[in-house]
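1. sequence unknown, structure follows:
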Ligand code: GLY
């Protein structure tokens, strides 16, 4: 099976070659999505509506739901549920996420379905008796999981949808039950993680088999199908109570985890006020704490606003150095000031105020690298196992969801008998002040562990409006690089007038205060890198940063969409 990609305006994709034994097996959404013959579609301008997600089957399911009369909220729910089946590395039932949306009547909606720490969690639960952080426990296995929020989040989103939930979940059930052909990328990942899956599971799982996985193999997930059916038949209670809750708690007992029945039953998704601000006359709408994303992009965009970015030019030394310095300053604020607003007073207004940001930039020197304070530094993790979906429908409803298990396949633990991976989101807390998490991010009291608290996130599902009308839907996975990738994508479109495809695929760079280094994506100008090093920056190469899904609404109303070329990401629309 070769997944090929559509380049702008040219149909270069090839259907996945056939798997004769399964040729006829089609998802039950009007029999329009074939999970054995799919293709990645990378850049298309649609007339009315589109979905951009991490997997071709998921985007196709979202499209079919819109064609059946669903809106962008219906499509979002169906796409996310499908990703839980066809993209188990990050699509999930056992994780959490955020929705940023704008209804066509102008109502802004931000729904927080971030995981929470168990009622049994304690501030020092990952420290050994000598006070050393045991990151193996916060990053893998049963103890690394927070209480999953995704299912509660999808039901909270359903308030804005049109079709019955049972119709939105059925494609995911069919895919889990009847199987789908896995891509080369998925085969590679499943093979490389086999030993970890064996180590962190107490029961056999659908993701491990004796022979190596190969492209085109069928992945059947009957236990996940049964879980999805319980959700279809009993609503959120089909997950947080009854049989599924029992399976989760039994799994916890077998693996020394701490999630319990009350944690599950008491989980609630929350609507929160969005972060809104203007940048060069555009209105930006993004996610508030417990994500750091909205505040970080507000700080970074507002710090560069008085500089003539378009005359500096894309990927010039001047623009790159300025953006690195605002990234450094914003991420220093993240470590100190940001956490779950239900537990910590986040100074949102101050962080976004012109006076504060002008003060932050007082020591900015356009010819030299600043120095981050020297606290224990970590290594930026190369995994970006979160996933983003961008959708706009015919009416102009815009939905952006970023959702995550944290690491690739989360804790690596599948709930025995229930068929889904649990997150390892506890590592997004600061397990000990100054000790970097898997993304190299440090924190302190603001993001310390407490029972029921949500861990600080970087997920940044974002909308941009122009003259009060939809202009852009954007987001990406990438751990702490999420906020800098969204920041740079917005600058690419607004300041450099880039197409959606260029804004998504041009190389990115990232600075997060600590460690004091600039991470540079493959393809970035070597001359600019040399110039930065001469100014005192430490630069570190990295393969890929993020997997952005971006939809830009053109002046004639058409939807110019791009799915990231860094993965199997794909578009569907009309
Ligand atoms: N787990 C990645 C994030 O929420 O930022």
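-> It's in. The structure displayed is predicted, hence computed values, not measured ones.
2. Hmm, residue 224 is touching residue 417, no?
-> No - contact criterion CB atoms under 8 Å: residue 224 and residue 417 do not qualify, at 10.3 Å. Where you see a C-beta, it was placed from the backbone N, CA and C, and this is true even at glycine.
3. What residues does the stretch 351-500 of the chain have near the ligand?
-> Within the stretch 351-500 of the chain, the positions adjacent to the ligand are 386, 404, 406, 425, 428, 457-459, 479 by CB under 6 Å from any ligand atom.
4. Turn those into CSV, columns for pLDDT and neighbour count.
-> Shown next, in CSV, are those (pLDDT from 0 to 100; neighbours: other CB atoms under 10 Å):
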residue, pLDDT, neighbour count
386, 95, 29
404, 97, 31
406, 96, 32
425, 97, 30
428, 97, 30
457, 98, 31
458, 97, 30
459, 98, 34
479, 94, 29
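5. Next SSE downstream of the helix or strand harbouring residue 73?
-> Counting by DSSP states H and E, the element that carries residue 73 is helix 72-86. As assigned by DSSP H and E, the chain's next helix or strand after helix 72-86 is strand 96-102.
6. Run me through the strand neighbours of the very next helix or strand once past that next one, direction for each.
-> Going down the chain from strand 96-102, the next helix or strand is strand 108-113, by DSSP H and E. Using DSSP bridges, the strands paired with strand 108-113 are strand 96-102 (antiparallel), strand 270-271 (antiparallel).
7. Go through the ones you listed and name the closest to residue 233.
-> Nearest to residue 233, of all those, is strand 96-102, at 23.1 Å by CB to CB.
8. buried sites along the closest one?
-> Within strand 96-102, the residues that count as buried by 16 or more other CB atoms under 10 Å are 96-102.
9. Tell me the bridge partners for the closest residue to residue 499 other than its chain neighbours.
-> Sequence neighbours aside, residue 560 is the residue nearest to residue 499 in space, at 6.6 Å (criterion: CB to CB, 6 or more residues apart in numbering). Taking DSSP bridges as the rule, residue 560 bridges to residue 45, residue 552.
10. From residue 284, how far out is residue 560?
-> Distance, residue 560 to residue 284, by CB to CB, to the nearest Å: 19 Å.
11. same question, residue 457
-> Taken as CB to CB, the span from residue 457 to residue 284 is 18 Å.
12. what's the answer for residue 460, then?
-> 10 Å.
13. Mutual contacts of those two, please.
-> residue 297 (CB atoms under 8 Å, 6 or more residues apart in numbering).
14. picking that back up, can I get the strands paired with strand 108-113 in a markdown table with mean pLDDT and distance to residue 437?
-> Shown next, in a markdown table, are those (pLDDT from 0 to 100; distance: least, CB to CB, whole Å):
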| stretch | mean pLDDT | distance to residue 437 |
| --- | --- | --- |
| strand 96-102 | 98 | 16 |
| strand 270-271 | 98 | 23 |
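15. looking at those strands, which is closest to the ligand?
-> Of all those, it is strand 96-102 that lies closest to the ligand, at 8.0 Å by CB to the nearest ligand atom.
16. now the angle between helix 72-86 and the closest one, please.
-> Angle, strand 96-102 to helix 72-86, by axes from the mean of the first three to the mean of the last three CA atoms, to 10 degrees: 150 degrees.
17. Determine how far strand 96-102 lies from the middle of the whole chain.
-> 10 Å (CA atoms, centre = their mean, to the nearest Å).
18. Below-threshold pLDDT in this protein: ranges please.
-> When residues are selected by pLDDT under 70, those of the chain lie in 1-31, 373-384.
19. Spell out which residues of it are next to the ligand.
-> 386, 404, 406, 425, 428, 457-459, 479.
20. hmm, try it at 8 Å
-> 114, 291-293, 386, 402, 404-407, 425, 427-428, 439, 455-459, 477, 479-480, 482 (CB under 8 Å from any ligand atom).
21. now the strands: where do they sit in the stretch 451-574 of the chain?
-> Counting by DSSP state E, counting those that start in this stretch, the stretch 451-574 of the chain has strands at residues 462-466, 469-475, 509-510, 518-521, 539-542, 549-553, 559-563, 570-573.
22. moving C-terminal of the longest helix belonging to the chain, what's the next helix or strand?
-> Taking DSSP state H as the assignment, the helix of the chain that covers the most residues is helix 317-337. Going down the chain from helix 317-337, the next helix or strand is helix 348-351, by DSSP H and E.
23. List the contacts of that next one.
-> Residues from elsewhere that reach helix 348-351 (CB under 8 Å, 6+ apart): 275, 288-289, 295, 298-299, 333, 337, 356.
24. how does it look with 10 Å?
-> Residues outside helix 348-351 that contact it (CB atoms under 10 Å, 6 or more residues apart in numbering) are 273, 275, 288-289, 294-296, 298-299, 302, 330, 333-334, 337-338, 341, 356-357, 360.
25. distance between it and the chain's centre?
-> Counting by CA atoms, centre = their mean, helix 348-351 comes out at 24 Å from the chain centroid.
26. residues touching whatever residue of the stretch 1-150 of the chain ends up closest to the ligand, list them.
-> Among the residues of the stretch 1-150 of the chain, residue 114 lies closest to the ligand, at 7.5 Å counting by CB to the nearest ligand atom. Residues near residue 114 by CB under 10 Å, 6+ apart: 95-98, 146-147, 149-150, 153, 269-270, 287, 289-291, 340, 403-404, 425, 428, 453-457, 459.
27. ok, now which ones touch residue 229?
-> Per CB under 10 Å, 6+ apart, neighbours of residue 229: 166, 169-170, 173, 176-177, 238.
28. Just flag the most distant two among those.
-> Top of the distance list for the contacts of residue 229 (CB to CB): 177 and 238, 16.1 Å.
29. what about the two, which has more around it?
-> Legend: neighbour count by other CB atoms under 10 Å for residue 177 and residue 238, higher for residue 238 (20 against 17).
30. ok so that one is a strand residue?
-> No - counting by DSSP: H, G, I helix; E, B strand; the rest coil, one finds residue 238 to be helix, located in no strand.
31. quick one, phi psi at residue 513?
-> The phi and psi values for residue 513, taken as degrees, to the nearest 10, are phi 70, psi -60.
32. Is it correct that it is in contact with residue 299?
-> No - using CB atoms under 10 Å, residue 513 is not in contact with residue 299, being 12.0 Å away.
33. What's the nearest residue in the stretch 201-350 of the chain when you look at the ligand?
-> residue 291 (7.2 Å).
34. That residue reaches residue 99, doesn't it?
-> No - between residue 291 and residue 99 there is no contact under CB under 10 Å: 11.3 Å.
35. Common neighbours of these two, please.
-> Counting by CB under 10 Å, 6+ apart, the residues touching both residue 291 and residue 99 are 110, 112, 402, 461.
36. Now tabulate those in TSV and tack on neighbour count.
-> Putting those into TSV (neighbours: other CB atoms under 10 Å) gives the following:
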residue	neighbour count
110	24
112	26
402	30
461	31
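37. how about those in CSV, adding distance to residue 532?
-> Listed next are those as CSV, based on distance: CB to CB, whole Å:
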residue, distance to residue 532
110, 36
112, 37
402, 29
461, 30
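38. contacting residues for residue 141?
-> 196, 199-201, 255-257, 411-413, 422, 424.
39. State the phi and psi torsions of residue 242.
-> Backbone torsions of residue 242, given as degrees, to the nearest 10, read phi 70, psi -150.
40. OK, contacts around it?
-> 230, 234 are the contacts of residue 242 under CB under 10 Å, 6+ apart.
41. what's the distance between it and residue 527?
-> 61 Å.
42. Tell me how many other residues crowd the closest residue to residue 102 other than its chain neighbours.
-> Using CB to CB, 6+ apart and skipping the chain neighbours, the partner closest in space to residue 102 is residue 398 (4.8 Å). For residue 398, the tally of surrounding residues (other CB under 10 Å) stands at 25.
43. I'd guessed residue 398 sits against residue 392; true?
-> Yes - the pair residue 398 / residue 392 is scored as a contact, 5.0 Å apart, by CB under 10 Å.
44. now stretch 232-250: how far from the chain's centre is it?
-> Worked out by CA atoms, centre = their mean, stretch 232-250 lies 25 Å from the chain centre.
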